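Colleague: okay, predicted coordinates and the sequence, questions at the end:
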Amino acid sequence: MPDLAGKAVLVRVDLNVPMSNGYVSDATRLSAAVPTIAALSDRGAKVLLLSHFGRPKSVDASCTMAPLAPALSDVLRRPVAFVGDCVGPTVEAAVAAMAAGDVMVLENTRFHTGEQANDPAFVAELAKLGDFYVNDAFSAAHRAHASTEGLAHVLPAFAGRSMEAELAALEKALGKPEHPVAAVVGGAKVSSKLDVLTHLVTQVDHLMIGGGMANTFLAARGVDVGKSLCEHDLAPTVLDILKRAEAAGCTVHLPYDVVVAKQFAANAPHRTCNVHEVAADEMILDLGEAAVEALGDALKTCRTLVWNGPLGAFEMEPFDAGTVALARIGGALTQSGGLLSVAGGGDTVAALNHAGVGSQFTYVSTAGGAFLEWMEGKALPGVEALKRGRA
Ligand code: 3PG
């Protein structure tokens, strides 16, 4: 990085954090932005923070970044100013008045249609504010927007520290991983992860499927899943995924015992049974103990683990047990040095934290959609632009 004293640096961060009653309810993404902001500020840069919040189509008071400045200030432990737009004369004047080392949050980039359109005129307006561009928002890198992609082409561009750490971890997990590689893919619906599954069967040695999506695979194989969540119309698609897996030498693990209940409710009366014994009025809500043990045994033979999605209805006790048990096995194997483990996606991070093993995994990504697109093997526009546009 060049001499930054007194220079203005536009930093794309992801301040799209969960809020409740006007307060940040999970500050993980704020903490992730701290190393880059602190390093730039320490080097005397004027740090201008760009981000989206929510999905507004134009100016929308419910999506203002204003509350993010004090929240970030708490995590950063230094003052953070806020300016009520992200381009234009008011912002230019505010930047001119900043001292070396100052940090300022600019208003939501999505208040301007030029952001999502990646409009060159809007990119130029943003670029006027800064001497350099740093992208530290891996979690928004799947968007080809002005602040995530366009700016990298018009200013000297660099990856921030979180972005670099994220890319290094992901490269180790699926770029050039140590085999055998296991992927755990859970969540409610196969339809939302078809591209992930189709790509993974050609990349990993073990594909462990859980959550509602496992029901669709079981049903496609002729198992009666009762009133479980199931996308019956996707049977041909999942059978094709299984065929591809076989051709690629990937072992697909589906549960053979499951926890079932008649109601989708916490602590509903439940029992564990073989997948062939689910009654017509029962639904599958978690993996059984034997299924978890089998996955754990397979995981013990692996060197790398990539995890996205919970294995059961983890938000309701006791149907969190399968996810918690496998997460603990993954965490313990990582801690003993045998496994490199990477997890991502909002629900996944919540599930790992619920199991108390978030900090035991090698790397937990703050990204949702970007993590999934990376698991699909897609190039992310924000990352690609940094490679092409790097100063
Ligand atoms: C996320 O929360 O996954 C990122 O901030 C991207 O948000 P988006 O899906 O609204 O682009």
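Modeller: Great, that's in hand.
Colleague: for this protein, what lies in contact range of the ligand?
Modeller: Applying C-beta under 6 Å from any ligand atom, we find that the chain lies next to the ligand at 14, 16, 55, 139, 140, 143, 368, 369. For every residue, glycine as well, the C-beta is placed using N, CA and C.
Colleague: so the second one sits right up against residue 56, yeah?
Modeller: So that's residue 16. No: look at residue 16 against residue 56 with C-beta atoms under 8 Å: they stay out of range, at 11.3 Å.
Colleague: for these two, indicate the residue with more neighbours.
Modeller: residue 16 (21 against 16; other C-beta atoms under 10 Å).
Colleague: in what helix or strand does residue 78 lie?
Modeller: Residue 78 is part of no helix or strand, with elements assigned from DSSP states H and E.
Colleague: OK, contacts around residue 235?
Modeller: When contacts are counted by C-beta atoms under 8 Å, 6 or more residues apart in numbering, residue 235 touches 216, 219, 220.
Colleague: and the first one, how far is that from residue 27?
Modeller: It stands for residue 216. Going from residue 216 to residue 27 by C-beta to C-beta, to the nearest Å gives 36 Å.
Colleague: which one of those two has more residues nearby?
Modeller: For residue 216 and residue 27, the more surrounded residue by other C-beta under 10 Å is residue 216, and the numbers stand at 25 against 17.
Colleague: pretty sure the more buried one contacts residue 236?
Modeller: No: if you go by C-beta under 8 Å, residue 216 and residue 236 don't touch, sitting 11.3 Å apart.
Colleague: show me what whichever strand or helix holds residue 31 is packed up against.
Modeller: Assigned by DSSP H and E, residue 31 belongs to helix 28-42. Using 3 or more C-beta pairs under 8 Å, 6 or more residues apart in numbering; DSSP states H and E, the elements in contact with helix 28-42 are strand 8-12, strand 46-50, helix 68-76, helix 161-170.
Colleague: how about residues contacting the first one?
Modeller: Think strand 8-12. For strand 8-12, the surrounding residues in contact (C-beta under 8 Å, 6+ apart) are 33, 36-37, 40, 45-51, 95, 98, 126-127, 129-137, 140, 147-148, 151, 155, 160, 382.
Colleague: buried ones in stretch 103-123?
Modeller: For stretch 103-123, a neighbour-count test (16 or more other C-beta atoms under 10 Å) marks 103-112, 114-116, 118-119, 122-123 as buried.
Colleague: ok, now stretch 239-257?
Modeller: Using 16+ other C-beta under 10 Å as the test for burial, stretch 239-257 gives 241, 242, 244, 245, 250, 252, 253, 254, 255, 257.
Colleague: now do stretch 203-219: distance from first to last residue.
Modeller: 25 Å (C-alpha to C-alpha, to the nearest Å).
Colleague: the chain should start at 29 in everything you say after this.
Modeller: In the new count, where the first residue is 29, that last one comes out as stretch 231-247.
Colleague: so where do the helices sit in the stretch 279-419 of the chain?
Modeller: Under the criterion DSSP state H, counting those that start in this stretch, the stretch 279-419 of the chain contains helices at 317-328, 349-363, 374-382, 397-403, 409-417.
Colleague: turn the ones you listed into TSV, columns for mean neighbour count and mean pLDDT.
Modeller: As requested, the helices of the stretch 279-419 of the chain are exported to TSV (neighbours: other C-beta atoms under 10 Å; pLDDT from 0 to 100):
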stretch	mean neighbour count	mean pLDDT
helix 317-328	18	97
helix 349-363	22	97
helix 374-382	20	87
helix 397-403	23	92
helix 409-417	18	88
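Colleague: hmm, residue 389 and residue 380 touching each other?
Modeller: Yes: judged on C-beta under 8 Å, residue 380 makes contact with residue 389 at a distance of 6.4 Å.
Colleague: ok and the residue in the stretch 29-178 of the chain nearest the ligand?
Modeller: Nearest residue of the stretch 29-178 of the chain to the ligand, counting by C-beta to the nearest ligand atom: residue 44, 3.5 Å away.
Colleague: pLDDT score for that residue?
Modeller: We have a pLDDT of 96 for residue 44.
Colleague: tell me the contacts of the residue nearest to it when sequence neighbours are not counted?
Modeller: Excluding the flanking residues, the one nearest residue 44 by C-beta to C-beta, 6 or more residues apart in numbering is residue 81, at 5.3 Å. Residue 81 makes contacts with 43, 44, 45, 91, 92, 93, 96, 136, 138, as judged by C-beta under 8 Å, 6+ apart.
Colleague: can you rerun that using 6 Å?
Modeller: By C-beta atoms under 6 Å, 6 or more residues apart in numbering, the contact list for residue 81 reads 44, 91, 93, 136.
Colleague: next, the last one: phi, psi?
Modeller: The main-chain torsion angles of residue 136 are listed as degrees, to the nearest 10 and equal phi -40, psi 120.
Colleague: which one of the buried residues of stretch 267-285 sits closest to residue 239?
Modeller: Residue 239 has its nearest neighbour among the buried residues of stretch 267-285 in residue 283, at 10.0 Å by C-beta to C-beta.
Colleague: what comes up buried for stretch 196-216?
Modeller: Buried-residue list, stretch 196-216, by 16+ other C-beta under 10 Å: 197-198, 200-202, 205, 208-216.
Colleague: flag the least confident of these.
Modeller: Among these, residue 202 has the lowest pLDDT, at 86.
Colleague: tell me the secondary structure at that one.
Modeller: helix (DSSP: H, G, I helix; E, B strand; the rest coil).
Colleague: so how far is the ligand from residue 376?
Modeller: Distance from residue 376 to the ligand, counting by C-beta to the nearest ligand atom, to the nearest Å: 13 Å.
Colleague: measure the residue lying closest to that residue once chain neighbours are set aside to the ligand for me?
Modeller: With sequence-adjacent residues excluded and distances taken as C-beta to C-beta, 6+ apart, residue 376 is closest to residue 336, at 5.5 Å. Per C-beta to the nearest ligand atom, residue 336 is found 13 Å from the ligand.
Colleague: below-threshold pLDDT in the chain: ranges please.
Modeller: The chain contains residues with pLDDT under 70 at 29, 417-419.
Colleague: would you map out the domains in it?
Modeller: Here the domain parsing of the chain from automatic domain parsing is 36-187, 195-403.
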